[in-house]
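# Let's see this in three dimensions:
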Amino acid sequence: MKIISLPPNAPLLMESTRAIGYSLETAIADVLDNSITAESEMVDIYFSPFESEYLAIVDNGNGMNEDELIAAMRYGSSNPLNIRKTEDLGRFGLGMKTASLSQCRKLTVISKKDKIISAAQWDLDYIFETGEWSLKILAMEELENYKHLDQLDGYKSGTIIYWENLDRMKNGNVSLENTMGHQMDKVRDHLALVFHRYIKGEINILKTDIRINQLSIDAIDPFIVQKSTMVMDDEVINIEGEKIVVSSYTLPHLSKLSSKEITSLGGKDGLRKQQGFYIYRNKRLIIWGTWFRLMRKGELSKLARVKVDIPNTLDNLWTLDIKKSVAIPPESVRKNLSNIIGRIAESSKRTWQFRGKKEVNESNNKIWVRNKLRDDAIYYGLNRENPLIDNIIKSSNEKRMLETLILAIEKELPLNQIFVDLSNDEKFNNDTQVTKNELNDLIKNIFSQCKDEFEINDMRALFKSVEPYNLHSELIDSIAQEAKMNAK
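Residues are numbered from 1 along each chain as shown. Below you'll find the predicted structure:
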């Protein structure tokens, strides 16, 4: 048997790994994993589309000496089967290199440790010329033109990841300035969600302040914990001696959320698409908005979200990919999750149904009623037993005309459009308060039609039993008293 050493062709392999599938936001998130693992309390992201465009990520983490830096620049710098520290967000030893070079052609890493600065660089164009794994080790005088070194000087230790020649971002785009600004907005939203537990500094998590061009990123909590309902106590799934913790939440009804909260919860994709499991590896969000085909995404379950915390020791069971954006639960976990989603989906369904019942069937004073016809079809109609509607019909000289108008209103109820708006998570504002002047004019007009004091007393009692007039008892009494004086 003959054995030969067959190392990969450096230029071809490095160009090929650029096509793994990183977006700008997932690439930056992968680099930030290293900063957080290095116990950084501050991470600054800088970018500039002008002249010599660049993107830099500066942290105040533990830093690296030259030997550690060279090891970190090696492709496959760590074995994915090795046992990692519990706070380690890495896996394959490829993230910093593949993520960075997926977006640029020149990656420079400058790191400070024990007051000594070391620097190394992968330059794809230079590697193409040499045909070798030619890692450049840079001297201090070669770093003079690199921005943000002064910030590193102010830290006891830290690292700068510097991207130059941003060819992927420039491809097919007329204006890099507009493209970069738009892309960095997406980066901000992505990091705010993926690292929200680090940005907030949860218990047992080192708080990390992440900034883009000096502007801090605010955490996006996908569960709105302060307003949401926990469906059940945390459940623990034991796999191979390790614990997976599952927490289930039902979001509040849309009417209880601000526009900003709705946007942060679903964004342009909508709440319906973002329901499901949120998988965290060492508190870092890696995949979200999926039920893993354990159930369908539906309208009534779109308030359901399940947080699943997994340790990095179970990476092999979850078939985690290089980008840390795909994870498939093992069969033993799927069985447990399947039982949980039935309960969380039912809770979300109850939230919608309770709101619906409250809107149409709370009492005889409601304007609308929900009826079931003989063929089990649902029909929404005006409530003829509502005291105000009943009184108006009885006192009208044009009863047939009024009944025709009511039927027309019921028949023209835009149910299809209402459904479309609900599906698109539009925020409704039908609860707008009637102004005091409007109430005053309306109540006066109806009291003016009362023939005597008995009718005035009946009308006053009627108003006080009907929403929203029952909230203005003093105004009703005042107008009723005035009507009695005019009737004498």
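# And stretch 220-237, what's buried?
With burial defined by 16 or more other Cβ atoms under 10 Å, the residues of stretch 220-237 counted as buried are Ile220, Asp221, Pro222, Phe223, Ile224, Ser228, Val231, Glu235, Ile237. All C-beta spots, glycine's among them, are computed from the backbone N, C-alpha and C.
# Pick the one among those closest to Lys273.
Relative to Lys273, the closest of the buried residues of stretch 220-237 is Pro222; by Cβ to Cβ it sits at 12.4 Å.
# What is the least confident helix or strand in the chain?
The least trusted helix or strand in the chain, going by mean pLDDT, DSSP states H and E, turns out to be helix 415-423, with a mean of 63.
# Check which element follows that one along the chain.
helix 436-447 (DSSP states H and E).
# Check the offset of that following helix from the chain's centre.
Centre-to-centre, helix 436-447 and its host chain are 45 Å apart (Cα atoms, centre = their mean, to the nearest Å).
# Mind giving me the packing neighbours of it?
helix 453-463, helix 473-487 (3 or more Cβ pairs under 8 Å, 6 or more residues apart in numbering; DSSP states H and E).
# Point out the most buried one among those helices.
helix 453-463 (a mean of 17; mean count of other Cβ atoms under 10 Å).
# How far away from the center of its chain is it?
Its chain's average C-alpha position is 52 Å from that of helix 453-463, according to Cα atoms, centre = their mean.
# For it, output the C-alpha coordinates as PDB.
Provided in PDB are the C-alpha atoms of helix 453-463 (Å, rounded to 0.1, in the frame of the first residue of the first chain):
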ATOM      1  CA  GLU A 453     -89.500  63.100  32.300                       C
ATOM      2  CA  PHE A 454     -90.300  59.300  32.400                       C
ATOM      3  CA  GLU A 455     -88.700  58.800  28.900                       C
ATOM      4  CA  ILE A 456     -85.700  61.000  30.000                       C
ATOM      5  CA  ASN A 457     -85.200  58.800  33.100                       C
ATOM      6  CA  ASP A 458     -85.400  55.600  31.000                       C
ATOM      7  CA  MET A 459     -83.000  57.000  28.400                       C
ATOM      8  CA  ARG A 460     -80.500  58.000  31.200                       C
ATOM      9  CA  ALA A 461     -80.600  54.500  32.600                       C
ATOM     10  CA  LEU A 462     -80.100  53.100  29.100                       C
ATOM     11  CA  PHE A 463     -77.100  55.300  28.400                       C
END
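# what is the orientation angle of it with helix 436-447?
Angle of helix 453-463 versus helix 436-447, following axes from the mean of the first three to the mean of the last three Cα atoms, to 10 degrees, is 140 degrees.
# okay, the angle between helix 453-463 and helix 473-487?
With the same axes, to 10 degrees defining the directions, helix 453-463 sits at 160 degrees from helix 473-487.
# What residues sit buried inside stretch 124-133?
Leu124, Tyr126, Ile127, Trp133.
# Apart from its chain neighbours, what residue comes closest to the second one?
Taking Cβ to Cβ, 6 or more residues apart in numbering as the measure, Tyr126 lies nearest to Ser134, with 6.1 Å between them; neighbours along the chain are not counted.
# next one: the last one
With Cβ to Cβ, 6+ apart as the measure, Ala10 is the residue that lies nearest to Trp133, at 4.6 Å, once sequence neighbours are left out.
# Which residue, neighbours along the chain excluded, lies closest to Asn65?
Here the residue nearest Asn65, using Cβ to Cβ, 6+ apart, is Lys113, at 4.9 Å.
# So that neighbour is in contact with Met64, correct?
Yes. Counting by Cβ atoms under 8 Å, Lys113 touches Met64, with 5.7 Å between them.
# what about stretch 263-277, average pLDDT?
Averaging the model's pLDDT scores along stretch 263-277 yields 76.
# now the end-to-end length of it.
End-to-end distance of stretch 263-277 (Cα to Cα, to the nearest Å): 19 Å.
# Tell me which of the buried residues of stretch 220-237 fall in strands.
Glu235, Ile237 (DSSP state E).
# In helices, which of the buried residues of stretch 220-237 appear?
Per DSSP state H, helices hold no members of the buried residues of stretch 220-237.
# what two of the buried residues of stretch 220-237 are the furthest from one another?
Among the buried residues of stretch 220-237, Ile220 and Ile237 lie farthest apart (Cβ to Cβ), at 26.4 Å.
# tally of neighbours for Ile392?
Using other Cβ atoms under 10 Å, Ile392 has 15 neighbouring residues.
# Now it: closest residue in space that isn't a chain neighbour?
Residue nearest to Ile392 in three dimensions, not counting chain neighbours: Leu402, with 7.3 Å by Cβ to Cβ, 6+ apart.
# Go through the helices and strands packed on helix 436-447 and name the closest to Glu164.
In terms of Cβ to Cβ, the element of the helices and strands packed on helix 436-447 nearest to Glu164 is helix 473-487, at 70.0 Å.
# Could you list the low-confidence segments of this structure?
Across the chain, the ranges flagged by pLDDT under 70 are 76-93, 172-174, 267-269, 320-325, 342-365, 373-376, 387-388, 415-435, 467-468, 488.
# how's it carved up into domains?
Using automatic domain parsing, the domain ranges for the chain come out as 10-216, 229-358, 368-423, 436-487.
# Distance to Ile4 added to those, as JSON lines?
Shown next, in JSON lines, are the domains of the chain (distance: least, Cβ to Cβ, whole Å):
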{"stretch": "domain 10-216", "distance to Ile4": "18"}
{"stretch": "domain 229-358", "distance to Ile4": "28"}
{"stretch": "domain 368-423", "distance to Ile4": "61"}
{"stretch": "domain 436-487", "distance to Ile4": "85"}
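# right, and the ones you listed - which one's nearest Ile3?
Proximity to Ile3 (Cβ to Cβ) singles out domain 10-216 among the domains of the chain, at 20.4 Å.
# Compute the first-to-last residue distance for that closest one.
End-to-end for domain 10-216, by Cα to Cα: 39 Å.
# roughly how far is that domain from the heart of the chain?
24 Å.
# Could you do stretch 262-280 as well?
Here the centre of stretch 262-280 is set off from its chain's centre by 5 Å, with Cα atoms, centre = their mean.
# What lies in contact with it?
Where contact means Cβ atoms under 8 Å, 6 or more residues apart in numbering, the residues beyond stretch 262-280 that reach it are 189, 197, 220-224, 251, 254, 257, 285-292, 297-299, 301-310, 318, 327, 329, 337, 348, 423-425, 427.
# How about stretch 7-19?
75, 94, 97-98, 101-102, 122, 124, 127-128, 130-134, 168.
# Give me the subset of those residues that lies in strands.
Judged by DSSP E, strands contain the following of the contacts of stretch 7-19: Trp122.
# For the contacts of stretch 7-19, work out which two are farthest apart.
Spatially, the most separated pair among the contacts of stretch 7-19 is Glu132 and Arg168, at 23.9 Å (Cβ to Cβ).
# For Ser216, which residues are in contact?
Residues in contact with Ser216 (Cβ under 8 Å, 6+ apart) are Asp209, Ile210.
# what's the spacing between it and Val306?
Distance from Ser216 to Val306, counting by Cβ to Cβ, to the nearest Å: 29 Å.
# On the three-state scheme, Ser307 is what?
That one is not Ser; residue 307 is Lys. In three-state terms, and counting by DSSP: H, G, I helix; E, B strand; the rest coil, Lys307 is strand.
# can you pull the contacts of it?
Neighbours of Lys307 in contact, by Cβ under 8 Å, 6+ apart: Phe223, Val246, Ser247, Ser248, Tyr249, Tyr278, Tyr280.
# OK, contacts around the second one?
Pointing back at Val246 there. Residues in contact with Val246 (Cβ under 8 Å, 6+ apart) are Asp234, Glu235, Val236, Ile237, Val306, Lys307, Val308, Asp309, Asn336, Leu337, Ile340.
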